[in-house]
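J.: using only what follows, build the 3D model:
(chains A and B)
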Amino acid sequence: MTGLLYRVKSKLSIRAHRRVRGVLDGEYASVMHGKSHEFDELRPYVPGDEVRDIDWKATARNGTPYTRLYVAMRKHLVTFVVDTGRNMAAVGASGEPKRETAVLVAGILAYLAHRHGDHMSLVCGDADGVVSLPAAGTESHVEQVLAKIQSRAVPDAGRSDLNRLLTYVVRRTRRRSILVIISDDEGIDDERARMLRRLHAQHELLWVSIADADPLDPNWRTSPIVDIADGALLPDAIRRSSALHREFAASVATSSSQTIDTLESLGITGVRITGADGAVSGVFALLERHNHGRR
Amino acid sequence: MEVINGWMPLVWVAALAVTVAIALLIRRRRRRAPGASVRIAHLERLTALPGYRRARTRMQLWLSIGIALTVVAVAASAALSTRIVTVHTVTPEIHNRDIVLCLDTSGSMTGYDVAILDTFIELVDEFEGERIGLTIFNASAVTYFPLTTDYDYVTEQMTELRENMDDPNTDYAYTDGTLLGDGSSLIGDGLASCTQRFDNLDEERSRSIIFATDNFVAGKQLVSLPQAGKYAKDNGVIVYGLNPGDSSSKNYIAELAAEMKDAVETTGGEYFALGDPQAVPDIVTSIQKQETAKMDAPSYVVKTDDPDKYLWIAFWTVLALLTVGWRLRR
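T.: Numbers count the residues shown, from 1 in each chain, chains lettered A, B, ... in the order given. Okay, the predicted model is just below:
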């Protein structure tokens, strides 16, 4: 079962050269507010480090920027809140199941957390039930988390119900943590916004939407398209309507930017990831925006 | 209205049912096959759009048009293959008749001859394959024209003869050659001569003679009237006799009339006694009818397919169906 994390690592090494990986580490390290002030060491600045951590004297001495690193006083907790309803088993915008993208995104963040020495826990589930994995920091735990997501998000799973997961988190987590919400490509209504506001007060929130496939995509021309929620077939004749194509594209663009806007208005950073290819850059953009938006 | 393949609609219904069943089966297979179908979440993003509803309404409209067309096409095809036929009872009229007008041209007969000719001039228009010939006789018989189907010629000749007969200042040229016998009005000879006007006796044709005479013989005949009647009968010729002499005012020749009646009736024909040329047309017409009735072959039933209508309906609906199908696939 070491396959999932291995895949995440290889994706990272293919997609991101060393410098970017360093940046990712740096960005990740800056996610959490509040650091210990016990100095640990100096190291050359890498992009993504907070500017206020730059040791200007050391920089002046050496001619290149240096960053002060502090000893982490306590380990952070990263909680992955993953919607593993059947929607996550549907085909994503890039053509692979959204589950794979979700696993990859969770894997990248979990790997970063693991390298940072943080613990991570998982809350996942659907309308039929919620399961959670307790916090731990080992590589095998990362693997477990990913395997859980992978095995839960199947077409036979219950309906997606993100609010139920959020309620679960509201009730169960006392400790301040980094909440990574990996959601289906859903909008944010008032109730959900209320819950997010509530969670935002306690935690650092990172929102990831895994984009749905376009049912009118010409790539699917030859295969029947089925609604994963109820198995209803999308009639062929309708799929060929070009007017509908345009209307749908416009409405999707509106609704996904609306989701991001709503999140922004709540002070939450969100990103919409279309597939495995966009996962690394998506996570990078997420962390970067999160760190920069805060300042 | 009758059908030949009455069971055909059942076949079509069965075929339709089988087709629908297969289509449903394929549809279910397709939906169940996990690899083949693309499962997509949040299709309601699409289905909630007004454009989707419009497209669906349009599709349903086209589909219902397609279904209606299919029903019509199948119904037309079923009707076509059921072979709805119209049933006619056909009584074929046979026109292979030979008629010889055998006219006594003795002076007393002229009015009747004219009436007979008038009637036939009119009747010729309705002839279709009948042959008609004209023989006049007094002491000897002359073929005015032989059996022919050239009706223009027949009309022309009969009109000419009629005009000559009717003309009060006639030179009687038309009677040339009729006075060569021993005496005049040799009736038996006349009828026998007329009988000989029929040719191709081995062919199966109906042969009849319209025989107009008063049977007032004045001279020495070679053949007596009864002998001539028998001769006609032996040759299969039916003789219809018109006798203007047979009336109470002329009962001095009643015996002759009886003789003629017998002779005519031996041939299977009919005998008409008349006192007025006015009666001729009716009699001739009735003879014609009688002849026709005798000639009628046994009637038989003809069933006529009328596929045009259904063929065109099927053709156009199938064409329309293809258009609808193309519209739906587009």
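J.: any idea how far residue A:274 lies from residue A:95?
T.: Residue A:274 sits 10 Å away from residue A:95 when distances are taken as CB to CB, to the nearest Å. The way it works is simple: take the backbone N, C-alpha and C, and place the C-beta from them, glycine included.
J.: more neighbours: which of those two?
T.: residue A:274 (20 against 14; other CB atoms under 10 Å in any protein chain shown).
J.: ok, that one touching residue A:92?
T.: Yes: at 6.8 Å, residue A:274 counts as touching residue A:92 under the criterion of CB atoms under 8 Å.
J.: name the residues contacting each of these two.
T.: A:101, A:211 (CB atoms under 8 Å, 6 or more residues apart in numbering or on different chains).
J.: could you point out the longest helix in the chain?
T.: Using chain A. Longest helix in chain A by number of residues (criterion: DSSP state H): helix A:242-265.
J.: should've been chain B
T.: Assignment by DSSP H gives helix B:50-82 as the longest helix of chain B.
J.: hmm, stretch A:94-105 touching chain B?
T.: Yes: against chain B, stretch A:94-105 shows contacts by CB under 8 Å from any CB of the partner chain at residue A:98.
J.: what bridges to the residue nearest the centre of chain A?
T.: Geometric centre of chain A, nearest residue: residue A:208, 4.0 Å, by CA atoms, centre = their mean. Per DSSP bridges, the residues bridged to residue A:208 are residue A:182, residue A:271.
J.: my guess is it contacts residue A:105. True?
T.: Yes: look at residue A:208 against residue A:105 with CB under 8 Å: they come within range, at 5.4 Å.
J.: for chain B, just list every one of the strands.
T.: Using DSSP state E, the strands of chain B run over residues B:2-3, B:38-40, B:84-90, B:97-104, B:131-137, B:141-148, B:183-184, B:206-212, B:218-219, B:237-243, B:271-273, B:300-305.
J.: would you turn those strands into JSON lines with mean neighbour count?
T.: JSON lines is the format used below for the strands of chain B (neighbours: other CB atoms under 10 Å in any protein chain shown):
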{"stretch": "strand B:2-3", "mean neighbour count": "12"}
{"stretch": "strand B:38-40", "mean neighbour count": "22"}
{"stretch": "strand B:84-90", "mean neighbour count": "12"}
{"stretch": "strand B:97-104", "mean neighbour count": "25"}
{"stretch": "strand B:131-137", "mean neighbour count": "24"}
{"stretch": "strand B:141-148", "mean neighbour count": "18"}
{"stretch": "strand B:183-184", "mean neighbour count": "16"}
{"stretch": "strand B:206-212", "mean neighbour count": "25"}
{"stretch": "strand B:218-219", "mean neighbour count": "14"}
{"stretch": "strand B:237-243", "mean neighbour count": "26"}
{"stretch": "strand B:271-273", "mean neighbour count": "19"}
{"stretch": "strand B:300-305", "mean neighbour count": "11"}
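J.: what's the closest of these to residue A:54?
T.: Proximity to residue A:54 (CB to CB) singles out strand B:38-40 among the strands of chain B, at 47.8 Å.
J.: and the closest one, average pLDDT?
T.: With pLDDT averaged residue by residue, strand B:38-40 scores 84.
J.: who does it pair up with?
T.: For strand B:38-40, pairing defined by DSSP bridges yields strand A:225-227 (parallel).
J.: which residues sit against the partner strand?
T.: Taking CB under 8 Å, 6+ apart as the rule, strand A:225-227 contacts A:215, A:232-234, A:239, B:31, B:37-41, B:43-44.
J.: and residue A:261, what is it in contact with?
T.: Taking CB under 8 Å, 6+ apart as the test, residue A:261 contacts no residue whatsoever.
J.: quickly list what's touching both of residue A:208 and residue A:105.
T.: A:182, A:273, A:282-283.
J.: touching chain A at all, the longest helix of chain B?
T.: Yes: against chain A, helix B:50-82 shows contacts by CB under 8 Å from any CB at B:50-52, B:55-56, B:59, B:62.
J.: so after the helix-or-strand element of chain A with minimal mean pLDDT, what's the next helix or strand?
T.: Ranking every helix and strand in chain A by mean pLDDT, DSSP states H and E puts helix A:18-29 at the bottom, with a mean of 66. Following helix A:18-29 in sequence order, the next helix or strand is strand A:39-44 (DSSP states H and E).
J.: which neighbours does that following strand have in its sheet, and in what orientation?
T.: Partners of strand A:39-44 in its sheet, by DSSP bridges: strand A:66-70 (antiparallel).
J.: send me the strand it pairs with as PDB with only the CA atoms.
T.: Taking Å, rounded to 0.1, in the frame of the first residue of the first chain, the C-alpha atoms of strand A:66-70 are listed here in PDB:
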ATOM      1  CA  TYR A  66      19.200  34.600   4.600                       C
ATOM      2  CA  THR A  67      16.200  33.400   6.500                       C
ATOM      3  CA  ARG A  68      15.900  32.700  10.100                       C
ATOM      4  CA  LEU A  69      14.300  29.300  11.000                       C
ATOM      5  CA  TYR A  70      12.600  28.800  14.300                       C
END
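J.: any idea of the mean pLDDT in the next helix or strand after that strand?
T.: Where DSSP H and E defines the elements, the next helix or strand beyond strand A:66-70 is strand A:77-83. If you average the pLDDT over strand A:77-83, you get 92.
J.: strand A:77-83 packs against which elements?
T.: helix A:98-116, strand A:119-126, helix A:139-152, helix A:162-172, strand A:178-183 (3 or more CB pairs under 8 Å, 6 or more residues apart in numbering or on different chains; DSSP states H and E).
J.: name the residues that touch the second one?
T.: Among residues not part of strand A:119-126, those counted as contacts by CB under 8 Å, 6+ apart are A:75-86, A:110, A:113-114, A:130-137, A:141-142, A:145, A:148-149, A:152, A:157-161, A:164-165, A:168-169, A:172, A:177.
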